[in-house]
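Colleague: With the input below, show me the fold.
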Amino acid sequence: MPDTAVVTGAARGIGRAIATRLAREGWQVVVADLDAAELATTAELIGAVAVPGDTSTDAGVRHLVDTAYDRLGHVDVFFANAGIGTLKGLDASDDEWTRTLETNVLAHVRAARHLVPRWLDTGGGRLVVTASAAGLLTMLGDAPYSVSKHGAVAFAEWLSATYRHRGIVVQAICPQGVQTRMLDGSGPLKDLLTLDATLTADEVADAAFRALAGDEFYVLPHPEVGGYYAQRAAHPDAWLAGMNRLQQKLDDQTRQTTTSTPTQEPA
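Modeller: All right, here's what the predicted structure looks like:
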């Protein structure tokens, strides 16, 4: 079993849970996040090395990887976990699209650029991407998130197909509803995201840790996602019609909320 890891987006949520599980198992861990204060709390709690910064940028990723190698000697597993959403559709600005794609897709590309050459020189390594069930299905109410998570899965698939014979293991974690701050802030989407069981971040971390014992590409903390993915591939029109029915329910909920909210008359 490997024993060193880097976890991005580790200040809270799934990232913190993964880092905590690894540390509990005796791993040496480097954690990264934009939120330096919360990251320091995580690092202190689990005995990890904190590297605050923006891992969506090339400079941020390079600094993180270089620091990890300096402190750990080597990096067995890189958990590309950091991700953001917008809760917007066509109203998302170009800047919001860019930021989401930078964080949810290009951060993984940049991490691979700095890690894969080192791993090829030393016999292998493992990149684990937190891609979300949205990367296999879709995410109603958030076009940039849905598109970027599909992109994250596509890039992870390409990496696996290209380098697996050279010792590079790539895996994609694709959970549905998880009890995190992102879920709490999802507004009317929360009911949709919790149609199936809602897992804790620790449960997702447990699934991620178990997956390290093998090399299966998809890690599905919600097993039902595999069935949805198969249905989507086999019957795309029926699946899209079903998703549209869910969208209509969301539209109805939004209208009801709007009409039931009292307006304040000016004094």
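Colleague: By mean pLDDT, which helix or strand of this protein comes out lowest?
Modeller: helix 181-184 (a mean of 53; mean pLDDT, DSSP states H and E).
Colleague: where do the helices sit along the stretch 151-267 of the chain?
Modeller: Ranges of helices within the stretch 151-267 of the chain are 181-184, 189-193, 201-211, 224-234, 236-260, based on DSSP state H, counting those that start in this stretch.
Colleague: most tightly surrounded among these?
Modeller: Ranked by mean neighbour count under mean count of other C-beta atoms under 10 Å, those are led by helix 201-211, which reaches a mean of 19. Just so you know, the C-beta spots here come from the backbone N, C-alpha and C atoms, and that holds for glycine as well.
Colleague: Which residues outside that one are in contact with it?
Modeller: Residues outside helix 201-211 that contact it (C-beta atoms under 8 Å, 6 or more residues apart in numbering): 13-14, 16-18, 20-22, 25, 79, 128, 171, 173, 175, 178-180, 219-221.
Colleague: do the same with stretch 218-229
Modeller: By C-beta under 8 Å, 6+ apart, stretch 218-229 touches 128, 133, 136-137, 171-178, 196-197, 199, 203-204, 207-208, 211, 239.
Colleague: Produce a PyMOL select command limited to the buried residues of those residues.
Modeller: Selection of the buried residues among the contacts of stretch 218-229 in PyMOL, burial being defined by 16 or more other C-beta atoms under 10 Å:
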select buried, resi 128+133+136+137+171+172+173+174+175+176+177+178+199+203+204+207+208+211+239
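Colleague: related to what we said a few turns ago, narrow the contacts of helix 201-211 to just the buried residues.
Modeller: Buried among the contacts of helix 201-211 (16+ other C-beta under 10 Å): 13-14, 16-18, 20-22, 79, 128, 171, 173, 175, 178-180, 219-221.
Colleague: out of those residues, which are inside strands?
Modeller: 79, 128, 171, 173, 219 (DSSP state E).
Colleague: I'd guessed residue 28 sits against residue 4; true?
Modeller: Yes. Residue 28 sits in contact with residue 4 when judged by C-beta atoms under 8 Å, with a separation of 4.8 Å.
Colleague: shared neighbours of those two, which are they?
Modeller: residue 72.
Colleague: Just the pLDDT for the closest residue to residue 120 other than its chain neighbours.
Modeller: Nearest residue to residue 120 in three dimensions, chain neighbours excluded: residue 166, at 5.9 Å (C-beta to C-beta, 6 or more residues apart in numbering). Here, the pLDDT recorded for residue 166 equals 97.
Colleague: Residue 166 against residue 122, yeah?
Modeller: No. Residue 166 is not in contact with residue 122 according to C-beta under 8 Å; the separation is 11.3 Å.
Colleague: still on that earlier bit, may I see the helices of the stretch 151-267 of the chain arranged in TSV, with distance to residue 147 as well?
Modeller: Supplementary listing: these in TSV, determined by distance: least, C-beta to C-beta, whole Å:
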stretch	distance to residue 147
helix 181-184	17
helix 189-193	16
helix 201-211	22
helix 224-234	16
helix 236-260	15
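Colleague: Out of those, the one nearest residue 154 is which?
Modeller: In terms of C-beta to C-beta, the element of the helices of the stretch 151-267 of the chain nearest to residue 154 is helix 224-234, at 14.0 Å.
Colleague: how big is the angle separating the closest one from helix 236-260?
Modeller: Angle of helix 224-234 versus helix 236-260, following axes from the mean of the first three to the mean of the last three C-alpha atoms, to 10 degrees, is 120 degrees.
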